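Engineer: here are the coordinates; sequence isn't available:
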């Protein structure tokens with residue numbers, strides 16, 4: 001069963017199963033955690049380094065504000081750290097299973113070099129993933145986002161926004 005609704009002055013046909021997409025897929029795509037449709041970042045490509053962390057003020061689809069309070073995204077470093085450690089462990093296990101480690105040669109140092117290059121190359125995406133995961137920790141998916149408007153924030157202080 002499909003329903004036609006109007007979002008941002010555009011008619012959009014949405015099936016009833018569209019909202020049942022797993023949250024982890026939308027997290028990896030850096031989508032809004034409330035509606036799982038809108039993009040969080042101004043530029044979809046994280047490797048445009050001058051715009052890597054430029055976020056939209058609110059979701060274009062559901063109106064969810066992305067900056068919940070001043071300094072909110074400092075906590076995203078925890079998510080980024082966990083993902084980085086998990087990626088390092090995964091590459092270590094894969095290297096050990098495919099190539100192996102030995103005390104007789106430098107294979108461990110080759111893995112360390114490979115892992116370092118991989119983490120540096122993936123850093124812009126991992127930083128975005130950290131921000132998306134941090135926001136998703138505080139803003140849950142709302143199945144009724146179309147009919148329930150976003151609540152205003154209590155602690156947003158725009159005068160203190162650039163004082164970091």
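Structural biologist: Good, I have the coordinates. What you see is a predicted model; the values in this text were computed from it and never measured.
Engineer: what's the longest helix seen in the chain packed up against?
Structural biologist: If you go by DSSP state H, the chain has its longest helix at helix 107-138. Packing contacts for helix 107-138, counted by 3 or more CB pairs under 8 Å, 6 or more residues apart in numbering; DSSP states H and E, involve helix 23-28, helix 76-98. Glycine gets a C-beta too; all of them are placed from N, C-alpha and C.
Engineer: weakest of the ones you listed in terms of mean pLDDT?
Structural biologist: Mean pLDDT is lowest for helix 23-28 out of these, coming in at a mean of 83.
Engineer: Hmm, residue 148 and residue 142 touching each other?
Structural biologist: Yes. Residue 142 is within contact range of residue 148, at 6.4 Å (criterion: CB atoms under 8 Å).
Engineer: When those two are compared, which one has more neighbours?
Structural biologist: Legend: neighbour count by other CB atoms under 10 Å for residue 142 and residue 148, higher for residue 142 (17 against 11).
Engineer: List the residues that contact the more buried one.
Structural biologist: The contact partners of residue 142, by CB atoms under 8 Å, 6 or more residues apart in numbering, come to 34-35, 62, 148.
Engineer: so which strand or helix has it?
Structural biologist: Under DSSP states H and E, no helix or strand contains residue 142.
Engineer: show me where pLDDT drops low in this protein?
Structural biologist: 1-22, 149-164 (pLDDT under 70).
Engineer: If we use 50, what do you get?
Structural biologist: Counting by pLDDT under 50, the chain has low-confidence residues at 1-18.
Engineer: tell me, how many neighbours does residue 71 end up with?
Structural biologist: With other CB under 10 Å as criterion, residue 71 counts 11.
Engineer: can you check residue 66 too?
Structural biologist: When counting by other CB under 10 Å, one arrives at 21 neighbours for residue 66.
Engineer: Could you find the closest non-adjacent residue to it?
Structural biologist: Excluding the flanking residues, the one nearest residue 66 by CB to CB, 6 or more residues apart in numbering is residue 55, at 5.2 Å.
Engineer: For that neighbour, give its distance to residue 116.
Structural biologist: 28 Å (CB to CB, to the nearest Å).
Engineer: repeat for residue 60
Structural biologist: 37 Å.
Engineer: tell me the contacts of residue 38?
Structural biologist: 31-32, 56, 59-62, 64.
Engineer: Just name the closest of those to residue 90, please.
Structural biologist: Among the contacts of residue 38, residue 31 lies closest to residue 90 (CB to CB), at 23.8 Å.
Engineer: Test my guess that that closest one contacts residue 40.
Structural biologist: Yes. Between residue 31 and residue 40 there is a contact under CB under 8 Å: 6.8 Å.
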